[in-house]
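>>> using only what follows, build the 3D model:
(chains A and B, ligands or ions: 3)
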Amino acid sequence: MAAKNNPNKCLYCGGCVGVCPVQAITLNDTKIVIDKNKCINCGACVKICSVSAMELE
Amino acid sequence: MVDYEVIVVGAGPAGLIAGSDLAKAGIKTLILDKKQEIGCPKRCAEGLSMNWFKRLNLEVKPSFCIQPMHGAQLYSPNGKSIMFKKEECQGYVLERKTMEKELAIQAVKNGAKLLMKNQVIGATRLNESEIKLEIRENDEIKYYTCNIVIACDAVDSLTSKMLGLNTKLDLREIDAGYQYEMTGITGYDENLLHLYFGIEVAPRGYIWIFPKRDGTANVGIGIGGYISSETKMNAKQYLDRWIASQPGLKDGSIIEVNAGTIPVGGFLEAMQFDNLLVAGDAGHMVDPVHGGGIGIAMEGGRIAAKHAIKAIKEKKYSKTDLEGYTKEWYETRGNELKKRLTARHLLEELKDDDFNYLAESISMDEALKIGNNSLSGLEKTILFTKKLITRPGLITLLMKYMK
Ligand SMILES: Cc1cc2nc3c(=O)[nH]c(=O)nc-3n(C[C@H](O)[C@H](O)[C@H](O)COP(=O)(O)OP(=O)(O)OC[C@H]3O[C@@H](n4cnc5c(N)ncnc54)[C@H](O)[C@@H]3O)c2cc1C
Ligand code: SF4
Ligand code: SF4
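Ligands and ions are numbered 1, 2, ... in the order given. Next comes the predicted model:
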């Protein structure tokens, strides 16, 4: 399991990056990259997103 | 020899002022930003009060100060409102991307170098006077060295973390924001900011209309960072539902969609580390009551630049050498913001009934007097005590936070 970004919804605001406790997320201008090996499935990024563009799967 | 004496990461208000001040003092400065265009997409409602123009010695230019504001109107859940309006201008709603471009041009005129679409992806301390940044520009990776990094890279700040300073935010210390820039809308006074409160409207936050003239405005929402997981509704859904209920807005057009998170509280205890200064949202420098951070970021950038200049001149870069920055920031702004954090906690505990009650019981006359600042401190205390006396719940709350 790991967090997954939905690029159709994402507005690239970086909010999820700021709450990730293990720095598993990076925002490259208009692309969210998630390091699955780092992700600990805490769900913080899912909770903070204003448009529900993150999910755990 | 380092490539630059100071590298500023992030070309937002904090980074642009820092870079500008550094270059003006003759420091070899590079400003980097990962975005493709300065100021876009905006993560902001663009309100800036007059105090900040004065404090920062910022010129009021018609090119970006597009809508003067004369006060604010606050709406309680049952639709009653309190208005604070003054004759003289209280501030402006900005066209932020224009302002940021002007700040960028000024920074470069002062001697700074600025590069967009340059993302910092790695940072290492080589020795006590040298940091190496790994930067990606398109497909190319390059490296620059510097004596000091100023991290102005906001909430998605990884630079500080890579250099050993943890800037992670707790969900309780962050608001989730969502906004439309709308046009073709009506039903509000364009000279005022409009704020809408209530648990159903915007839990642990508020909805705003910040007018940008001509039937155009930023219409947005901020809610507590943990709210959507509790109520199963995200910020966008709250805002969409509310807009649909507003006759003047529901048929409006959307010319921009913005999102962003707002750090509210949780200021970094140390805004500095070895060879590193942190300013703006990256250091969580935001007013915890209303979430405004443009002015605070610029001020933070200015203080950071001042201390970086001193450090470069003295060739002293350790976290102890740079302590003066954190100290000066707290004395200038941080301690006051900490006090306001208490006010935020109080606001968070207000129930819909309390908002309704306050809006109903403070008359327009009294509201105007508060707004015009024509009441003395004592008169204000008497007024609020009179209002609160019939509402014991509010008094208990106040007592809790006045301790
Ligand atoms: C919805 C919303 C509404 C708001 N409304 C208001 C308001 O009305 N008034 C107000 O005063 N404040 C408001 N704020 C707050 C305000 O926008 C911020 O406090 C302010 O922008 C902070 O400025 P900054 O320079 O610290 O960061 P930013 O302006 O966010 O700039 C940070 C920059 O760093 C860049 N960056 C990040 N990581 C890297 C990297 N690795 N490499 C290179 N570049 C990087 C980013 O691309 C970005 O350009 C609002 C915020 C939100 C989210
Ligand atoms: S918080 Fe949501 S919208 Fe913002 S960058 Fe992350 S996934 Fe995208
Ligand atoms: S689930 Fe937690 S650890 Fe995984 S990416 Fe999201 S915030 Fe980071």
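
>>> can you give me the distance of B:Ile309 to ligand 3?
Distance, B:Ile309 to ligand 3, using C-beta to the nearest ligand atom, to the nearest Å: 37 Å. All C-beta spots, glycine's among them, are computed from the backbone N, C-alpha and C.

>>> any idea which element the residue nearest to B:Gly324 when sequence neighbours are not counted lies in?
Nearest residue to B:Gly324, sequence neighbours excluded (C-beta to C-beta, 6 or more residues apart in numbering or on different chains): B:His307, at 5.7 Å. Element membership for B:His307, per DSSP states H and E: helix B:294-314.

>>> tell me what that helix is packed against?
strand B:4-9, helix B:13-24, strand B:47-49, helix B:50-55, strand B:140-151, strand B:276-278, helix B:323-329 (3 or more C-beta pairs under 8 Å, 6 or more residues apart in numbering or on different chains; DSSP states H and E).

>>> thinking again about what came up before, burial of the residue nearest to B:Gly324, as a residue count?
B:His307 has 23 neighbours, counted by other C-beta atoms under 10 Å in any protein chain shown.

>>> so it sits against B:Thr326, correct?
No - between B:His307 and B:Thr326 there is no contact under C-beta atoms under 8 Å: 9.1 Å.

>>> and the closest residue to B:Ile199 other than its chain neighbours, what's its pLDDT?
Distances taken as C-beta to C-beta, 6+ apart put B:Asp352 closest to B:Ile199, at 5.3 Å, once the chain neighbours are dropped. As predicted, B:Asp352 sits at a pLDDT of 77.

>>> okay, the host helix or strand of B:Ala217 in CSV with CA atoms only?
Assigned by DSSP H and E, B:Ala217 falls within strand B:216-224. The C-alpha trace of strand B:216-224 is given here as CSV (Å, rounded to 0.1, in the frame of the first residue of the first chain):
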residue,chain,number,x,y,z
THR,B,216,-14.5,39.9,-10.1
ALA,B,217,-13.3,38.4,-6.8
ASN,B,218,-11.4,35.7,-5.0
VAL,B,219,-14.0,33.5,-3.5
GLY,B,220,-12.4,30.9,-1.2
ILE,B,221,-12.4,28.8,1.9
GLY,B,222,-10.0,27.7,4.6
ILE,B,223,-10.9,24.8,6.9
GLY,B,224,-9.0,23.0,9.6
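
>>> just checking it against ligand 2, any contact.
No - taking C-beta under 6 Å from any ligand atom as the criterion, strand B:216-224 and ligand 2 are apart, separated by no less than 13.2 Å.

>>> is that strand in proximity to ligand 1?
Yes - using C-beta under 6 Å from any ligand atom, strand B:216-224 reaches ligand 1 at B:Gly220.

>>> list the contacts of that strand.
B:45-46, B:93, B:171-172, B:175-183, B:185, B:188, B:190, B:202-212, B:235, B:238-239, B:242-243, B:249, B:252, B:255, B:258, B:262, B:291, B:348 (C-beta atoms under 8 Å, 6 or more residues apart in numbering or on different chains).

>>> give the contact list for the residue in chain B that ligand 2 sits nearest to.
Nearest to ligand 2, among the residues of chain B, is B:Ala259, at 5.0 Å (C-beta to the nearest ligand atom). Listed by C-beta under 8 Å, 6+ apart, the contact partners of B:Ala259 are A:11, A:13, A:15, A:50-51, B:43, B:177-179, B:235-236.

>>> what does B:Gly334 give?
Listed by C-beta under 8 Å, 6+ apart, the contact set of B:Gly334 reads B:267, B:285.

>>> and it, how far from B:Gly283?
Look at B:Gly334 and B:Gly283: by C-beta to C-beta, to the nearest Å, they are 9 Å apart.

>>> common neighbours of the two, please.
In terms of C-beta under 8 Å, 6+ apart, B:Gly334 and B:Gly283 are both contacted by the residues B:Phe267.

>>> wait, does stretch B:3-14 contact chain A?
No - figure legend: stretch B:3-14 not in contact with chain A (C-beta under 8 Å from any C-beta of the partner chain); closest approach 11.0 Å.

>>> rewinding a little: now the next helix or strand after the strand holding B:Ala217: average pLDDT?
Where DSSP H and E defines the elements, the next helix or strand beyond strand B:216-224 is helix B:227-231. The average of the pLDDT scores along helix B:227-231 is 93.

>>> which elements pack onto helix B:227-231?
On a contact count with 3+ C-beta pairs under 8 Å, 6+ apart, helix B:227-231 meets helix A:44-48.

>>> what does chain A put close to ligand 2?
A:5, A:10-16, A:27, A:32, A:48-49, A:51, A:53-54.

>>> looking at those, spot the one nearest B:Glu87.
A:Cys13 (37.5 Å; C-beta to C-beta).

>>> which residues does the closest one contact?
Contact analysis of A:Cys13 by C-beta under 8 Å, 6+ apart lists A:50, B:41, B:43, B:177, B:258-261.

>>> strands of chain A, start to end?
Counting by DSSP state E, residue ranges of the strands within chain A are A:3-5, A:25-27, A:32-34, A:54-56.

>>> touching chain B at all, the third one?
The one in question is strand A:32-34. No - figure legend: strand A:32-34 not in contact with chain B (C-beta under 8 Å from any C-beta); closest approach 10.2 Å.

>>> please flag which of the contacts of strand B:216-224 sit within helices.
Of these, the ones assigned to helices by DSSP state H are B:235, B:238-239, B:242-243, B:348.
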